[in-house]
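> coordinates for the following, if possible.
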Amino acid sequence: MRFEKCAYNVDVEVPKPSLPAEPRRAYVVALIPAHREEAEIGNTIRSLLAQNRPPNKIVVITNRTEDRVADRTHEIAQSFPGVTAINLVFPIGTTHGKSRALNHGWRHHGQLADIVVCIDADTRLPQNAVEDWVDEFYDNPRLGGSSSKFTMRDERNADQTIVQVQRAEFARWTDTSLRRGWTSVLAGTGCAIRGAALVEAATTSGNDDGPWCYASLVEDFELTYRVRAAGYLCQVSPTVRAYTDAMKTVSALWSQRMKWQSGTVSDLMKLGFNRLTALDWIQQFAGFLQAFVRIGWLLALIVSLALGSFVFHPIWLVCPVYFAVTDWIMAARIPHCTWRDRVNAVALVPQDLFAYMRAGWFIYAWTEVLSGSEKDRWTVQYQSEGV
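Below is the predicted model of the structure:
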């Protein structure tokens with residue numbers, strides 16, 4: 001099928017096709033793009049098969065380039081009865097393998113689906129996920145996509161401090177999105193998208209393959225923008241949670257977040273400022289402000305200590321105490337909160353170091369995009385993760 005590229009229209013809402021009549025018999029297809037995930041793909045598939053309302057079809061699309069040695073991901077996926085396993089091998093130098101895998105799966109198995117569930121190959125869904133998503137789409141005809149409330153598992157084979165700061169970060173993101181009532185990112189970690197919305201998005205993807213474009217490092221943010229531009233609501237589900245892997249090292253975390261931030265900045269530069277990107281631009285401005293305040297405070301402290309002019313005053317404790325209290329409160333909001341989450345919150349140092357790290361990738365990403373020296377951040381992330 002060939003799709004013609006058309007311009008975005010962010011001001012017009014169009015009537016939305018309805019799902020099949022009651023009883024709620026939506027045709028649900030789950031797409032799982034997988035790149036070297038032999039350790040987790042079995043658990044991901046099992047979590048879908050164990051659903052109270054399983055998907056009608058589960059499609060695993062393994063993908064790699066010719067210069068990468070295959071692992072057992074495709075073989076394991078094939079071993080599950082009823083699971084459709086596709087193995088894609090791209091020419092050396094091919095980029096955006098995840099988007100290409102999703103488009104291939106959608107084009108061959110998902111175009112007629114009422115709801116498409118997209119889930120990463122290292123993610124597990126609780127038993128209520130698909131059933132609750134189906135109910136959400138029936139209850140709200142304007143709903144185009146619903147993201148899960150995802151959290152990182154408390155892994156034993158990872159740096160625990162790294163895991164804890166990520167768990168706290170995404171608990172905060174979830175709370176903010178739920179209070180707001182909408183999201184600008186349908187997280188590819190685990191989300192459900194109305195089939196009709198994907199068909200519409202395919203006309204604006206800029207390629208002939210399907211809804212996911214090949215010009216963005218953050219395909220989920222870019223796709224969500226186009227779904228919203230078509231007049232749909234995108235939200236975080238109030239009841240569906242997803243459990244996924246954390247980045248296990250500082251290097252892997254930096255590489256992942258550089259990919260996210262560089263991709264977001266690049267997309268925002270292309271999309272410009274409008275009612276759909278306004279909040280994202282404000283968040284970028286706030287990020288700049290926080291980064292420069294933190295770095296400026298640190299430099300001022302270093303200079304005053306070097307000159308011997310630093311004088312302690314109790315007011316210096318206001319910010320640390322405030323951050324410790326707010327982090328403690330947020331720790332209580334982390335799903336399955338552990339003692340490590342609480343210790344990490346009140347210790348302050350891990351969260352503070354993470355904040356400086358966030359300031360670093362924020363400024364570095366903007367510098368990279370504005371200078372035109374953007375890298376293949378997917379490859380950098382894979383290398384840092386050792387996959």
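> on the three-state scheme, S148 is what?
Here S148 is recorded as strand under DSSP: H, G, I helix; E, B strand; the rest coil.
> how many other residues sit next to it?
Per other Cβ atoms under 10 Å, the neighbour tally for S148 reads 28. (C-beta placed from N, C-alpha, C; glycine too.)
> just confirm it contacts V185, I think it does.
No - S148 lies out of contact with V185 (Cβ atoms under 8 Å); the separation is 11.6 Å.
> run through who's touching the longest strand anywhere in the chain.
Longest strand of the chain, by residue count under DSSP state E: strand 233-244. Residues outside strand 233-244 that contact it (Cβ atoms under 8 Å, 6 or more residues apart in numbering) are 119-120, 122-126, 128-129, 132-133, 136, 140, 142-153, 174, 177-178, 181-184, 186, 189-190, 192, 224, 227-228, 335.
> whichever of these end up buried, select them in PyMOL.
A single PyMOL command is used to select the members of the contacts of strand 233-244 judged buried by 16 or more other Cβ atoms under 10 Å:
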select buried, resi 119+120+122+123+124+125+126+128+129+132+133+136+143+144+145+146+147+148+149+150+151+152+153+174+177+183+184+186+189+190+192+224+227+228
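> I'd like to know which of the contacts of strand 233-244 are part of strands.
119, 143-152, 190, 192.
> out of these, who's nearest Q256?
M152 (11.9 Å; Cβ to Cβ).
> report the secondary structure state of A355.
A355 ends up helix, using three-state DSSP.
> give the next helix or strand downstream of the longest strand of the chain.
Heading C-terminal from strand 233-244, the first helix or strand you meet, by DSSP states H and E, is helix 250-271.
> so which bits of that following helix are buried?
Here helix 250-271 shows 252-268, 271 as buried, counting by 16+ other Cβ under 10 Å.
> who are the packing partners of it?
helix 160-180, helix 219-229, helix 278-306, helix 349-371, helix 377-385 (3 or more Cβ pairs under 8 Å, 6 or more residues apart in numbering; DSSP states H and E).
> and V117, how close does it get to D175?
V117 sits 24 Å away from D175 when distances are taken as Cβ to Cβ, to the nearest Å.
> who has more neighbours out of the two?
Ranked by neighbour count (other Cβ under 10 Å), V117 and D175 place V117 first, with 26 against 14.
> show me what the helix or strand harbouring that one is packed against.
For V117, the element it lies in under DSSP H and E is strand 115-119. Applying 3+ Cβ pairs under 8 Å, 6+ apart, one finds that strand 115-119 contacts strand 28-34, helix 41-49, helix 129-139, strand 190-194, helix 195-202.
> how about stretch 333-343: buried residues?
334, 337, 341-342.
> same thing with stretch 39-55?
Neighbour-count burial for stretch 39-55 [16+ other Cβ under 10 Å]: 40-42, 44-45, 47-48, 51, 53-55.
> what's the neighbour count on Y356?
12.
> hmm, it is touching Q290, no?
No - with contact defined as Cβ under 8 Å, Y356 does not count as touching Q290 (10.4 Å).
> residues near the residue nearest to P91 when sequence neighbours are not counted, how many?
Nearest residue to P91 in three dimensions, chain neighbours excluded: E66, at 6.1 Å (Cβ to Cβ, 6 or more residues apart in numbering). E66 is flanked by 10 other residues according to other Cβ under 10 Å.
> list the residues that contact E66.
89-92.
> got the phi and psi for it?
phi -60, psi -30 (degrees, to the nearest 10).
> how much space between it and R167?
Separation of E66 from R167 (Cβ to Cβ) stands at 37 Å.
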